[in-house]
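Engineer: this is the structure alone, sequence omitted:
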């Protein structure tokens, strides 16, 4: 199983994805704000399409090295969850988010995000 999704290697945001044991693993590092919102949105749209193409049971998003994410980029994740929730149950995949509990913005924002799709999102610390 091969991930057909190019990494993002920007000055501000780096996104690296791979398939491990049948699950897509994505790692974000740097800062996600208005300057990279379009790039993040494009990546998440393609990630969702790849997840469906590969029929993965889960996507793991590692945010432990993401220093900050503003509300416009957080909305990208909300929109992703909305797409996921619209799928038939047998086509849905789980979203596991690895967080850094030392980053206050993650504790607040990710808790709210998990409430949006409680049956599909797990926050791991």
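Structural biologist: Received it, and whenever you're ready, just let me know what you need. It should be emphasised that the depicted structure is a prediction, and the values quoted were computed from it without experimental measurement.
Engineer: going by C-alpha atoms from here, please, whenever you check contacts or count neighbours.
Structural biologist: Fine.
Engineer: remind me what the lowest-mean-pLDDT helix or strand in the chain packs against, helices and strands.
Structural biologist: Lowest on mean pLDDT, DSSP states H and E among the helices and strands of the chain sits helix 104-116, with a mean of 92. Other elements packing on helix 104-116 under the criterion 3 or more Cα pairs under 8 Å, 6 or more residues apart in numbering; DSSP states H and E are helix 71-86, strand 121-124.
Engineer: try 7 Å this time
Structural biologist: On a contact count with 3 or more Cα pairs under 7 Å, 6 or more residues apart in numbering; DSSP states H and E, helix 104-116 meets no helix or strand.
Engineer: contacts for it, please.
Structural biologist: Surrounding helix 104-116, the residues in contact under the criterion Cα atoms under 7 Å, 6 or more residues apart in numbering are 78, 99-101, 121-122.
Engineer: highest neighbour count among the residues you listed?
Structural biologist: Neighbour counts for the contacts of helix 104-116, by other Cα atoms under 10 Å, peak at residue 121, which reaches 22 neighbours.
Engineer: follow-up on the earlier one: widest-spaced pair of the contacts of helix 104-116?
Structural biologist: Greatest spatial distance among these (Cα to Cα): 78 and 101, at 20.5 Å.
Engineer: centroid residue for the protein?
Structural biologist: For the chain, residue 61 is the residue whose C-alpha lies nearest the centre (Cα atoms, centre = their mean; 4.7 Å).
Engineer: who does the lengthiest strand in the chain touch, helix- and strand-wise?
Structural biologist: Of all segments of type strand in the chain, defined using DSSP state E, the longest is strand 58-69. Using 3+ Cα pairs under 7 Å, 6+ apart as the contact criterion, the secondary-structure elements in contact with strand 58-69 are strand 23-32, strand 94-98.
Engineer: now do the contacts for residue 78.
Structural biologist: Shown here is residue 78, whose contacts under the criterion Cα under 7 Å, 6+ apart are residue 113.
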